[in-house]
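Asker: Below are the sequence and a predicted model; questions follow.
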Amino acid sequence: MLLTTDQLTSLRSDLQRLADIKYDPVLNELLDHYATLTEQRMDTGMPFEEASKWAWNDLGQGEGIQQIQDDYIANVQQQIRSRHLVIIKSYFRWPTFLITALVGLLVYLTVPLIPFNYVVTLLYAVILVPSAVMFWLERKLKNEPTSQQALVFENAAKYRNLHLNAVIFVSNFLISSVGDESRRFLQIHSTITVVMCMLLLLYAISFMQLLNERFDFRTKLA
Amino acid sequence: MSTSPNSQLLKGSLSVMILRLLEGRERMYGYEITQKVKELTAGEMTITEGALYPALHKLEAEGLLTTETQVVDGRARKYYSLTKIGQTEAAGRIAELTAFLDNLNLVLNLKPSL
């Protein structure tokens, strides 16, 4: 016996309301299972209400069903972390190291020629631009929500906190350098600052790449 | 899996069972897998949804299974099938489990005099 649209809506509502199932792939998969179990019971002559109750118990009730979603989240997050690590590792190649070292050297030599305020503004820009891009990307992707992307957003939120902390750290570092010998201080520490900025940029870019892949990595891993 | 005494024994072999079932078929969905296991074992073995779906998702993440969704009876149904790697891996894992069971049999059938 096939379920009506209203009955399917009722089953979907059970999963969302009683088991807090919010991720589409899990919801769709469990709805199909729940509906099939209900139909199976209705075929024996049981009314919908009783059949769905029986199916709900057979599925494991609220707690058991929630566990399926928890396992799903853990599984996807594990994949996200693995893929992110692969992306970050791919940046650590000799050409990248060489370019980083050359940029560091160039900055070290040119900093004394640039007015202090410009240098500070530039450093702020280098750090804040990735944050702004991340924020923009997150907002853009939220308009096309799928469950897996929602999980990336969670990671993005964690990353943003990390990034903001880094910005605060660098700000303090720069502020502490203001003084009579600020220029010399900045010159001496410019390489460290640039390396730190480069690492922040690298992390931001890797995250953007991860978001941009939109979980195509599932097939790439295969 | 069910809470029956053999549930612990089944735990480690669930993924191999899924791979074996899919080896002989083009594709299957979750409910179908549970019913097939029940049918093959005459109801002696039941796989709960709480064990089945995490196992399916893990195999999918490992790249051994691929999925396609189709609308059936007004709802989305997710079908699982083996990837090329999954086919190779299935054969290996089945052989491994069979060898393990053979060895286990040898130990369980050990005569006291030995």
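Answerer: Arrived safely.
Asker: Now do the longest helix seen in chain B: which elements does it pack against?
Answerer: For chain B, the helix with the greatest residue count under DSSP state H is helix B:84-108. Judged by 3 or more Cβ pairs under 8 Å, 6 or more residues apart in numbering or on different chains; DSSP states H and E, helix B:84-108 is in contact with helix B:14-23. For every residue, glycine as well, the C-beta is placed using N, CA and C.
Asker: Which residues does the longest helix of chain B contact?
Answerer: For helix B:84-108, the external contacting residues (Cβ atoms under 8 Å, 6 or more residues apart in numbering or on different chains) are A:222, B:13, B:15-16, B:19-20, B:22-23, B:59, B:63-66, B:82.
Asker: how about a cut-off of 10 Å?
Answerer: Contacts of helix B:84-108 from elsewhere in the structure, counted by Cβ atoms under 10 Å, 6 or more residues apart in numbering or on different chains, are A:222, B:12-13, B:15-23, B:59-60, B:62-66, B:80-83.
Asker: before we move on, what about stretch A:47-66?
Answerer: Against stretch A:47-66 from outside (Cβ under 10 Å, 6+ apart): A:1, A:3-4, A:6-7, A:10-11, A:14-15, A:17-21, A:26, A:30, A:33-46, A:67-68, B:34, B:46, B:48-51, B:53.
Asker: Show the buried residues in the residues you listed.
Answerer: Buried positions within these, assessed by neighbour count (16 or more other Cβ atoms under 10 Å in any protein chain shown), are A:3, A:7, A:11, A:14-15, A:19, A:21, A:26, A:30, A:33-42, A:46, A:67-68, B:34, B:46, B:48-51, B:53.
Asker: List the buried residues in stretch B:98-114.
Answerer: Buried residues in stretch B:98-114, counting neighbours by 16+ other Cβ under 10 Å, are absent.
Asker: Could I get the average pLDDT for that stretch?
Answerer: Mean pLDDT, stretch B:98-114: 82.
Asker: got the CA coordinates for that stretch in CSV?
Answerer: What follows is stretch B:98-114, C-alpha atoms only, in CSV (Å, rounded to 0.1, in the frame of the first residue of the first chain):
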residue,chain,number,x,y,z
THR,B,98,36.3,-17.0,4.6
ALA,B,99,39.9,-18.0,5.6
PHE,B,100,39.3,-16.6,9.1
LEU,B,101,36.1,-18.6,9.5
ASP,B,102,37.9,-21.8,8.2
ASN,B,103,40.6,-21.3,10.8
LEU,B,104,38.0,-20.5,13.5
ASN,B,105,36.2,-23.8,12.6
LEU,B,106,39.5,-25.7,13.0
VAL,B,107,39.9,-24.3,16.5
LEU,B,108,36.3,-24.8,17.5
ASN,B,109,36.3,-28.4,16.3
LEU,B,110,39.5,-29.2,18.1
LYS,B,111,39.3,-32.6,19.8
PRO,B,112,40.1,-32.6,23.6
SER,B,113,42.8,-35.3,23.1
LEU,B,114,44.7,-32.8,20.8
